[in-house]
Structures are given as structure tokens and as C-alpha cells.
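1. Whatever this is, show me its structure:
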Amino acid sequence: MEIDPATAGDADAVAAVFEAARADAMPWLPVLHSQAEDRRFFAGVIADSEVLVVRDADRAIAFIALADDLVEHLYVSPAAQRTGIGSALLDAAKLRRPAGLRLWTFQANHGARAFYARYGFVETELTDGSDNEERQPDVLLVWEP
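-> As a prediction, the model looks like this:
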């Protein structure tokens, strides 16, 4: 498995991974944006953040987006989950941010919380969700080496 920097040409596939993974793992989340809006958003994320992708047949099937020490996004296409891709992306992020990482996930996303706990992330703050777009209670997780 190769992990490569995302390019502008990956924006549509990255947005599709985001949409599919959220629909699969978090069907309770409200859908707030159209596919076109998601694609424009992720084109901006790729331009403004460090985004790494894993591709299958030249199409992104997983990605992680980093801004400073914050993991902004980590999503794997449902068909590619539980194959080690998410772990490999998280390991790559740790290598790029050896001083530590932090991220937010939804409190109700028990799978993500368990995944990050396996990799040494500690839950440090719970919120009522009033500061996120979805208005869902969330949790801040921190990894310190």
C-alpha cells in the first residue's frame, strides 16, 4: 500500500470517500451539503492542508488531512475498511507530527473512538456539539508520544 500526497485531481474521489464513509458509519448525522459543495470543500482542503491518500486503480479510497497538529479528516471507503489502511494513514500522520496530534470525533462514533484509543489517543474534552456544524456532541482526542 502506498501513501501519496493528494493532488487537485483527487478532490472528487476524496469527497466521495468522505460521503460514503459518513453515510456508512454515521447514518444518524445530518447531511448538510450537496455533493458539489463537498467537492468544492475538499478541493480547498487539498489546497490548504497536508492531505495524504491511498489509491486503488488511481482513485483515492482513503485519506487523511492534517493542519498543523490537527487531524481534520481521516476517512476510508467502506469497502476498504478493516484492511489496515486507516492505521497506515494514522501512522504516517504520527511520523509527520512526532510532537503529537489531536482530533475531534463525534461522541456517538464509538468505532472511531475505539480505533483512536488503540493508537494511544486519549479523550481530553467532551462538548455538547454547539461548536460543530452538525450540532452533535463531540470529543477531543490527543496523542502525545
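2. Which of the helices or strands spans the residue nearest to A6 when sequence neighbours are not counted?
-> Leaving out its chain neighbours, the residue that sits closest to A6 by CB to CB, 6 or more residues apart in numbering is V51, at 3.8 Å. Backbone N, C-alpha and C define where each C-beta goes, glycine included. Per DSSP states H and E, V51 falls inside strand 50-56.
3. pLDDT on the helix or strand following that strand, on average?
-> Note on strand 50-56: by DSSP H and E, the next helix or strand toward the C-terminus is strand 59-67. Taken as a whole, strand 59-67 has a mean pLDDT of 96.
4. For R97, give me the backbone phi and psi.
-> With angles defined as degrees, to the nearest 10, R97 sits at phi -130, psi 70.
5. before we move on, back to that, dump the residue contacts of the residue nearest to A6.
-> Applying CB atoms under 8 Å, 6 or more residues apart in numbering to V51 gives the contacts P5, A6, D10, V14, V45, F63, I64, A65, L66.
6. so what's the first one closest to, chain neighbours aside?
-> Distances taken as CB to CB, 6+ apart put L52 closest to P5, at 6.2 Å, once the chain neighbours are dropped.
7. what is the one you found paired to in the beta sheet?
-> P5, I64 (DSSP bridges).
8. do the one 4 residues further on as well
-> Partner residues in beta bridges with D56, using DSSP bridges, are R59.
9. Test my guess that it contacts T83.
-> No. The pair D56 and T83 fails to qualify as a contact (CB atoms under 8 Å) at a distance of 10.4 Å.
10. Can you get me a residue count around D128?
-> 11 (other CB atoms under 10 Å).
11. Quick one: classify it as helix, strand or coil.
-> Using DSSP: H, G, I helix; E, B strand; the rest coil, the structure places D128 in coil.
12. got the contact list for it?
-> With contact set as CB under 8 Å, 6+ apart, D128 has these partners: P137.
13. And the residue nearest in space to the middle of the chain, how close does it get to A21?
-> The structure's the chain has its C-alpha centroid closest to L74; by CA atoms, centre = their mean the separation is 1.7 Å. L74 sits 9 Å away from A21, taking CB to CB, to the nearest Å as the criterion.
14. Equivalent analysis for R55, please.
-> In this structure, R55 and A21 are 16 Å apart, going by CB to CB.
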